[in-house]
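Asks: What follows is a predicted protein model with its sequence.
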Amino acid sequence: MLLLALATVTAACSDEAATSKSACQPAAARRIFWANCQMTGQDLRGVDLSNSVISGVDLSGADLTGAKLIATTLEKVEFEGATLHEVDLTDATISGGDIQKGSFCNTTMPDGQIASGDC
């Protein structure tokens, strides 16, 4: 059942031919793949997306308070206005996005440093 749920998430979020981005479904398990989907304003508090690949996803305004993104690959992800308080980004790979536009408080950055500019 879990594999079926993950396959559904992958299929719903990786359709590059779609004219508008679909919403990714919040994951109950780690190691998911979200691509080219819309997650603006979503409540993702406490979600564990460790070891996942998130590419071309719009997380603008999303609340990721307490989320785990350990060793997650974040490619071209939009974070404008996203709440990244107490998020763990240890060993995450971040490229081509705008994570600096998010709000940080006690956030563990990929290099292990703590960002708290928005507490």
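Replies: Right, received. Where do you want to start?
Asks: Surely Ser116 touches Phe104?
Replies: Yes. Using CB atoms under 8 Å as the test, Ser116 is close enough to Phe104 to be in contact (6.4 Å). All C-beta spots, glycine's among them, are computed from the backbone N, C-alpha and C.
Asks: quick one: which of the two has more around it?
Replies: Just comparing Ser116 and Phe104: by other CB atoms under 10 Å the higher neighbour count belongs to Phe104, 22 against 12.
Asks: Three-state assignment for the more buried one, please.
Replies: strand (DSSP: H, G, I helix; E, B strand; the rest coil).
Asks: right, and it touches Asp118 too?
Replies: Yes. Contact criterion CB under 8 Å: Phe104 and Asp118 qualify, at 5.2 Å.
Asks: joint contacts of those two?
Replies: Between them, Phe104 and Asp118 share these contacting residues under CB atoms under 8 Å, 6 or more residues apart in numbering: His85.
Asks: Flag the shaky bits of the chain, pLDDT-wise.
Replies: Along the chain, segments meeting pLDDT under 70 span 1-30.
Asks: Let me see the backbone angles for the residue most central in space within the chain.
Replies: Centroid check for the chain by CA atoms, centre = their mean gives Ile54 as the closest residue, at 6.1 Å. Phi and psi for Ile54, reported as degrees, to the nearest 10, are phi -130, psi 120.
Asks: Beta-bridge partners for it, please?
Replies: Trp34, Leu74 (DSSP bridges).
Asks: Hmm, Trp34 and it touching each other?
Replies: Yes. Counting by CB under 8 Å, Trp34 is a contact partner of Ile54 at 4.9 Å.
Asks: and Cys105, what does it touch?
Replies: Leu84, His85, Glu86, Ala115, Ser116, Gly117, Asp118, Cys119.
Asks: Let me know whether Asp43 touches Asp63 as I believe.
Replies: Yes. The pair Asp43 and Asp63 qualifies as a contact (CB under 8 Å) at a distance of 5.4 Å.
Asks: Looking at the two, which is more packed in?
Replies: Between Asp43 and Asp63, counting by other CB under 10 Å, Asp63 is the more crowded of the two (18 against 12).
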